[in-house]
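Novice: what would the 3D arrangement of this be:
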Amino acid sequence: MWIVSVGVGIVERMFDGEIHVIPDGLDEMVPGPFLAAVLSTVDVRRVSDHDRIVVLRAQRRMVTHFEASVYESMAAVSEPDTEDDRGLAFEAAALELQAGLRLTRRSADTELSLAVDLRERLPGVLAAMGDGVVDRPRARVMVNETAHLSVGTARDVIDQVIEKAPRLTTGQLRVLIRKLCIETNPEEASDRFEQAITERAVITEPTDHGTTNIFLLNVSPDRATAATDHLTYLAKSLRGPDETR
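Specialist: Residues are numbered from 1 along each chain as shown. From the prediction side, this is the model:
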């Protein structure tokens, strides 16, 4: 038998081949050095299936906590000497990350952009990552889905979802944010819609199979629905013994 000290309490574990008990309160422990030390004492091969999920959640909080620190460091690398140097500072920082972390240039740009957005546009999301509450996939959704908003509106939207985010899938979170982007500032949403309509287009894209895909871009929903309904009508009219699609 060996004994691990956890805070003011003592957790005893019997290494006799039987199921072991994880430390009390592991699911509520905030990420940091203490939780890391506790997790280092847990052998997931010797705990129950339920406790493995508890351990996994704690490990995920630690990962998210450290990822927040990584993004803090990335953003710090790109700090410009003056506002006029911001573009040059970003380019230089991306090159530093590319070389230092062995990333492709595209990955370096993507990761650095996320880091800067978290620090400058959505610091509340970065703080939630540091607390282990919001993981990177959810943080990325929050950054991407509010990128088109002004900083003030983006933060208002995030304030409304930050507590719900850990309980939502990334898909559910994306849908909720898109809804709130319209509700939080209807006038701004209307302006975005009108601007997008002026950029509507139809494009074709060849595929690897020798066929071609057609895309409608920035079309109003009612016209897109009408076009789809018309094509469906034409397709059904072509059905016959040799065509069942």
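
Novice: lowest confidence element among the helices and strands of this structure?
Specialist: Averaged element by element with mean pLDDT, DSSP states H and E, the chain has its least confident helix or strand at strand 9-13 (a mean of 40).

Novice: report the buried residues of the next helix-or-strand element following that strand.
Specialist: Taking DSSP states H and E as the definition, the helix or strand that follows strand 9-13 towards the C-terminus is helix 33-39. Of the residues in helix 33-39, 35, 38-39 count as buried by neighbour count, 16 or more other CB atoms under 10 Å. C-beta coordinates here come from the backbone N, C-alpha and C atoms, glycine included.

Novice: now do the buried residues in the host helix or strand of E205.
Specialist: Under the criterion DSSP H and E, the helix or strand holding E205 is strand 201-206. The neighbour-count criterion (16+ other CB under 10 Å) identifies no buried residues in strand 201-206.

Novice: and what of stretch 40-58?
Specialist: Neighbour counts using 16+ other CB under 10 Å place 42, 46-47, 51, 54-55, 58 of stretch 40-58 among the buried residues.

Novice: quick check, nearest of these to P123?
Specialist: A58 (25.0 Å; CB to CB).

Novice: which pLDDT value does the model give the closest one?
Specialist: The confidence metric pLDDT takes the value 95 at A58.

Novice: try the one 3 residues further on
Specialist: If you check R61, the pLDDT there is 96.

Novice: which non-adjacent residue is nearest it?
Specialist: Residue nearest to R61 in three dimensions, not counting chain neighbours: G132, with 3.1 Å by CB to CB, 6 or more residues apart in numbering.

Novice: just the pLDDT for that neighbour.
Specialist: In this model, G132 is scored at 95, pLDDT.

Novice: do I have it right that A165 meets R140?
Specialist: No: A165 is beyond contact range of R140, at 11.6 Å (criterion: CB atoms under 8 Å).

Novice: settle it for me: which of these two has more neighbours?
Specialist: When neighbours are counted by other CB atoms under 10 Å, A165 and R140 differ, and A165 comes out ahead with 22 against 16.

Novice: list the residues that contact the more buried one.
Specialist: Taking CB atoms under 8 Å, 6 or more residues apart in numbering as the criterion, A165 is in contact with 128, 133-134, 138, 142, 173.

Novice: what would those residues look like in CSV with secondary structure?
Specialist: Putting these into CSV (DSSP: H, G, I helix; E, B strand; the rest coil) gives the following:
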residue, secondary structure
A128, helix
V133, coil
V134, coil
R138, helix
M142, helix
L173, helix
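
Novice: mind putting those into a markdown table with distance to T104 and neighbour count?
Specialist: Below are those laid out as a markdown table (distance: CB to CB, whole Å; neighbours: other CB atoms under 10 Å):
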| residue | distance to T104 | neighbour count |
| --- | --- | --- |
| A128 | 28 | 24 |
| V133 | 30 | 19 |
| V134 | 26 | 26 |
| R138 | 24 | 23 |
| M142 | 24 | 27 |
| L173 | 27 | 21 |
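
Novice: doesn't the residue nearest to R61 lie inside a helix?
Specialist: No: counting by three-state DSSP, one finds G132 to be coil, located in no helix.

Novice: what is the burial count for it?
Specialist: What G132 shows, counting by other CB under 10 Å, is a neighbour count of 24.

Novice: my guess is it contacts F66. True?
Specialist: No: assessed by CB under 8 Å, G132 is found out of contact with F66, at 9.5 Å.

Novice: quick one: the helix ranked longest in the chain to chain centroid distance?
Specialist: For the chain, the helix reaching the highest residue count under DSSP state H is reported as helix 49-77. Averaged C-alpha coordinates place helix 49-77 at 13 Å from its chain's average position (CA atoms, centre = their mean, to the nearest Å).

Novice: quick check: which helices or strands does whatever helix or strand L234 lives in pack against?
Specialist: Secondary structure assignment for L234, by DSSP H and E: helix 221-237. Under the contact criterion of 3 or more CB pairs under 8 Å, 6 or more residues apart in numbering; DSSP states H and E, the helices and strands touching helix 221-237 comprise an empty set.
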